[in-house]
Each structure stands twice: as C-alpha cells, then as structure tokens.
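Participant: here is my input, please return the structure:
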Amino acid sequence: MPSEVIHNRLAMLRAERGISRRELAEALGVHYQTVGYLERGEYSPSLHLALRIADYFEVAVEVVFSTEPFPRLGSSADTA
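Facilitator: Residues are numbered from 1 along each chain as shown. So this is what the prediction gives:
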C-alpha cells in the first residue's frame, strides 16, 4: 500500500517571509503546534486547511503540498 504522507514546504515558506509558527497558526485559526505537526509530516491537512494555507501564502496549493517529495534546493531539477 502506498504511503499517504503529504510533503510540504511550509517551513521554507515561513522562513522566506519571516513568519513564526505562532503567527501562521493565528492567521489560519489553528493551534501553533498544528503548524509544527504539518511541517514535520506528522499530520496531513484537510483539503480546506491546505487551501487556506496556500491562499495565505498567495500560491497554488501544489507549491505548498505534494504527494511526492520536493526536490532539494540546488538540485539539477531546480536549475532547469
């Protein structure tokens, strides 16, 4: 059975914009620990929460979440 892990770029997006876990949690109306669980892949967001997160960062949901691991920064896939 395939893994149902949802990969995400939450930590990277937060760091790029200087947003703390607590600030993001307050903006989304969730507990700050929920953001940590999401970032570590210990919790998969509901579709509603995933869409709200993407909207908060003003990006497509696919920029934040994926069923496949994201390429590491600086890999050859990022230079194309």
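Participant: my guess is Ile6 contacts Ser46, does it?
Facilitator: No. With contact taken as Cβ atoms under 8 Å, Ile6 and Ser46 are classed as non-touching, separated by 10.8 Å. For glycine as for every other residue, the C-beta is placed from the backbone atoms N, C-alpha and C.
Participant: higher neighbour count, the two?
Facilitator: Neighbour tally, Ile6 and Ser46, criterion other Cβ atoms under 10 Å: the higher count belongs to Ile6, 15 against 9.
Participant: all helices for this protein, in order.
Facilitator: Listed in chain order, the helices of the chain (DSSP state H) span residues 10-17, 21-28, 32-39, 47-57, 61-64, 76-79.
Participant: right, and these - which one's nearest Phe70?
Facilitator: When those are compared by Cβ to Cβ, helix 10-17 sits nearest Phe70, at 8.6 Å.
Participant: look up how far Glu23 lies from the most centrally placed residue in the chain.
Facilitator: For the chain, the residue sitting closest to the mean C-alpha position, by Cα atoms, centre = their mean, is Leu10 at 3.1 Å. Here Leu10 is placed at a distance of 12 Å from Glu23 (Cβ to Cβ, to the nearest Å).
Participant: hang on, the earlier thing: just name the most buried of the helices of the chain.
Facilitator: Neighbour counts averaged per stretch over those are highest for helix 32-39, at a mean of 18; criterion: mean count of other Cβ atoms under 10 Å.
Participant: could you check the angle that helix makes with helix 47-57?
Facilitator: 90 degrees (axes from the mean of the first three to the mean of the last three Cα atoms, to 10 degrees).
Participant: helices and strands around helix 32-39, which ones?
Facilitator: Contact partners of helix 32-39 among helices and strands, from 3 or more Cβ pairs under 8 Å, 6 or more residues apart in numbering; DSSP states H and E: helix 10-17, helix 21-28.
Participant: surely the residue nearest to the centre of the chain is in contact with Glu39?
Facilitator: Yes. Between Leu10 and Glu39 a contact is recorded at 4.8 Å, counting by Cβ under 8 Å.
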